[in-house]
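Colleague: Sequence first, predicted model second:
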Amino acid sequence: MTVDHAAILQTLLREAETRLVHLDDDERSLLRDRSDATADDEHDPEGSTLSGEWTRVDALRRGAELDRTDAAAALERLAEGSYGICVVCGAPIAAGRLEARPTAATCIACAR
Ligand SMILES: [Zn+2]
């Protein structure tokens, strides 16, 4: 069975982009909430919920951006024919590692 790396990576890329779009929506609604925060303190008695949400969305955004970058870089390596080759030592990356982490750019030894 041949693994279709291009399809997997494109799915990952699209998935990360979708997440970023949703996070943009989340951020916009947080901005709205922030601007009329006085309208409803019922769920925010200490005024900390909003900034907590903000931190959470920001962390998710960083994760999604990283995933998008990783997927795009892996697709580039695939196009160049260097996909599955460790960018540090040049050794082949184990199939199991690529299966678990299709965007891996380094072998397990170099990732440590
Ligand atoms: Zn390596």
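Modeller: Received, thanks.
Colleague: so C86 touches L98, yeah?
Modeller: No: the pair C86 and L98 fails to qualify as a contact (Cβ atoms under 8 Å) at a distance of 11.0 Å. C-beta coordinates here come from the backbone N, C-alpha and C atoms, glycine included.
Colleague: So L50 sits against L31, correct?
Modeller: No: using Cβ under 8 Å as the test, L50 is too far from L31 to be in contact (10.1 Å).
Colleague: Show me which of the two is the more surrounded one.
Modeller: For L50 versus L31, the count of surrounding residues by other Cβ atoms under 10 Å is larger for L50: 14 against 10.
Colleague: In the helix or strand hosting the more buried one, which residues are buried?
Modeller: Element membership for L50 (DSSP states H and E) is helix 49-80. By neighbour count on 16 or more other Cβ atoms under 10 Å, the buried set for helix 49-80 is 53-54, 57, 61, 64, 67-68, 70-71, 74-75, 77-78.
Colleague: Report pLDDT for D36.
Modeller: What the model reports as pLDDT for D36 is 70.
Colleague: my bad, should have said S51
Modeller: The model's pLDDT for S51 equals 84.
Colleague: Look up the closest residue to L20, ignoring the ones flanking it.
Modeller: Counting by Cβ to Cβ, 6 or more residues apart in numbering, A64 is the residue found nearest to L20 once chain neighbours are left out, at 4.9 Å.
Colleague: The one you found contacts R14, doesn't it?
Modeller: No: using Cβ under 8 Å, A64 is not in contact with R14, being 11.7 Å away.
Colleague: What mean pLDDT does stretch 83-91 get?
Modeller: Mean predicted confidence for stretch 83-91 is 97.
Colleague: is that stretch anywhere near the ion?
Modeller: Yes: residues of stretch 83-91 contacting the ion under Cβ under 5 Å from the ion: C86, V88, C89.
Colleague: What is the burial count for the first one?
Modeller: Neighbourhood size, C86 [other Cβ under 10 Å]: 20.
Colleague: number of nearby residues for the residue nearest to it when sequence neighbours are not counted?
Modeller: Of all residues beyond its chain neighbours, the one nearest C86 is C107 (4.0 Å), with distances taken as Cβ to Cβ, 6+ apart. For C107, the neighbour count with other Cβ under 10 Å is 20.
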